[in-house]
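Novice: Here is the input, now give the coordinates:
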Amino acid sequence: MAVQASGTKTEQLMAKRDAYVARGVALAPIVADHGHGARLTDVDGKEYIDFAGGIGVLNLGHTPDAVVDAIKHQAEKMLHSCFPVAAYEPYLEVAQLLCEHTPGTHAKKALLINSGAEAVENAVKIARYHTGRDGVITFDRGFHGRTLLTMSLTSKLVYKKGMGPFAPEIYRAPAPYPYRGVTTKDALKGLEFIFKAHVDPQSVACVVLEPVQGEGGFTVMPADFIEGVMALCEQHGILYVDDEVQSGMGRTGKLWALDHYGLVPDLMTVGKSLAAGMPLAGVIGRAEVMDSVHLGGLGSTYGGNPVACAAAVESIKAISSEAFLAQATAFGEEIMARLHGMAERHQVIGEVRGIGPMAAIELVKDRETREPAADVAAATVAGALERGLLLLKTGIYDNVLRILVPITATEEDLELGLDRLEESLAAAA
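Specialist: Residues are numbered from 1 along each chain as shown. Predicted coordinates:
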């Protein structure tokens, strides 16, 4: 029976959502109608500045002109063929661009699939196949997806509660969190202890690590930690998987977060802003590793869809440009300066952190005890919505506010959004 509802169009559509959409899907606060740049308008005409960016998908903003034109052009030519059935040029072009633009000058190859979770899952498959080993090391506060394997890798209860049993041969190591007392030395000792107590390192295929932990609270991995993990990987023949699904595509002011460290992974996973809003992700890695899997061992019906690939070609070209990365760096400096200024005025901010425009503030009830202030974070998000700002919480304790504003935002939108953030924070605190 069709749902009949009165009230605003938003209220009518939310009634339909309640009637027909599974309850487990997080409840969106608005119903969007259209967007451009950093602005999003709901079905009742209210306009918002978007600091959520589709959870890191919109580094180029809503409806970037070149991407939209490419989508239209490709949609008129061909929507789908399945790449293993009939190959097409956009897939090949995206694969080439990714191999050329990811860290390292060695020979690389790429696999295109639909989502970040699929990318991580395939990276683990490839690592296991290449090494002949089963074990996988993941880290505290990491988020890698919601499939069975990637949910097993993920370290946040809300994404996995009641959904076991989980995939086997996964071992969780500590990751640095200096603000909460976990140093690089502590984390590396924890990883070495796992190798002594829980799994023989000769049985481990790969480690999977985000250089900036997205859902974990935008915690930045120190350079000496990543270097230490890579050294252990080299010592034991373990592959290093760099998960750049959220931190990549210019989000940190460089094309990839790992570029800040000058380090080269064995495998890299990418997604989110790769196709500017179209579903596309990829695994890029050393050619000898990627090619070790037998013919037919990798693939996907929709993976590397031609329309998504056409969008990705324009997205990669735009985001890898000097102008875009310079804008991202400038945004990062401005955002960090504003957040540090807020921290001086508002005691509820315990720490400002991030790399470039991938920035966040952790909220606490007391700077001495550092007790998480999840209630203030929730109230700030709600207040921001009322003021016309879309904002997201993150972190294990849901007490971190993260900024994922499109890098193509105008200076006015950035300043206005930060003003609304501070007004909302002040009212909530």
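Novice: show me what contacts the nearest residue to residue 266 once chain neighbours are set aside?
Specialist: Leaving aside its chain neighbours, residue 266 sits nearest to residue 239 (4.2 Å; criterion: C-beta to C-beta, 6 or more residues apart in numbering). (Glycine included, C-beta is placed from N, CA and C.) Contact analysis of residue 239 by C-beta atoms under 8 Å, 6 or more residues apart in numbering lists 127, 130-131, 205-207, 233, 266-267, 289.
Novice: tell me which of these is nearest to residue 255?
Specialist: Set against residue 255, the nearest of the contacts of residue 239 by C-beta to C-beta is residue 267 (16.8 Å).
Novice: in the sheet, who's paired with that closest one?
Specialist: residue 241, residue 285 (DSSP bridges).
Novice: From residue 111, how far out is it?
Specialist: Counting by C-beta to C-beta, to the nearest Å, the gap from residue 267 to residue 111 is 10 Å.
Novice: Could you do residue 194 as well?
Specialist: 29 Å.
Novice: okay, those two: which has more neighbours?
Specialist: For residue 194 versus residue 111, the count of surrounding residues by other C-beta atoms under 10 Å is larger for residue 111: 26 against 18.
Novice: That one should be in a strand, yeah?
Specialist: Yes: membership of residue 111 in a strand is supported by DSSP: H, G, I helix; E, B strand; the rest coil.
Novice: so it makes contact with residue 121?
Specialist: No: if you go by C-beta atoms under 8 Å, residue 111 and residue 121 don't touch, sitting 11.1 Å apart.
Novice: got the buried residues for the host helix or strand of residue 335?
Specialist: Using DSSP states H and E, residue 335 sits in helix 322-345. If you call a residue buried by 16 or more other C-beta atoms under 10 Å, then helix 322-345 has these buried ones: 324-325, 327-332, 334-336, 338-339, 342-343.
Novice: from the residues you listed, which is closest to residue 107?
Specialist: Closest to residue 107, out of all of the buried residues of helix 322-345 and judged by C-beta to C-beta, is residue 325, at 25.2 Å.
Novice: wait, what's in contact with the closest residue to that closest one other than its chain neighbours?
Specialist: Using C-beta to C-beta, 6+ apart and skipping the chain neighbours, the partner closest in space to residue 325 is residue 250 (6.0 Å). Taking C-beta under 8 Å, 6+ apart, we find residue 250 in contact with 59, 273, 319-320, 324-325, 328, 407.
Novice: quick one on the thing from earlier: ok, the residue nearest to residue 266 to residue 278 distance?
Specialist: According to C-beta to C-beta, residue 239 and residue 278 sit 29 Å apart.
Novice: cool, and residue 303?
Specialist: 13 Å.
Novice: Compare neighbour counts for these two and give me the winner.
Specialist: Comparing residue 303 with residue 278 by other C-beta under 10 Å, the one with more neighbours is residue 303, at 24 against 19.
Novice: Isn't that one up against residue 119?
Specialist: No: using C-beta under 8 Å, residue 303 is not in contact with residue 119, being 9.8 Å away.
Novice: residues touching residue 91, list them.
Specialist: 83, 112, 304, 306, 309.
Novice: And these, which of them are buried?
Specialist: By 16+ other C-beta under 10 Å, the contacts of residue 91 give 83, 112, 304, 306, 309 as buried.
Novice: quick one: which of those residues is nearest residue 393?
Specialist: residue 112 (31.3 Å).
Novice: what kind of secondary structure is the nearest residue to that closest one once chain neighbours are set aside in?
Specialist: Spatial nearest neighbour of residue 112, chain neighbours left out: residue 304 (3.2 Å); criterion: C-beta to C-beta, 6+ apart. Secondary structure state of residue 304, per three-state DSSP, is coil.
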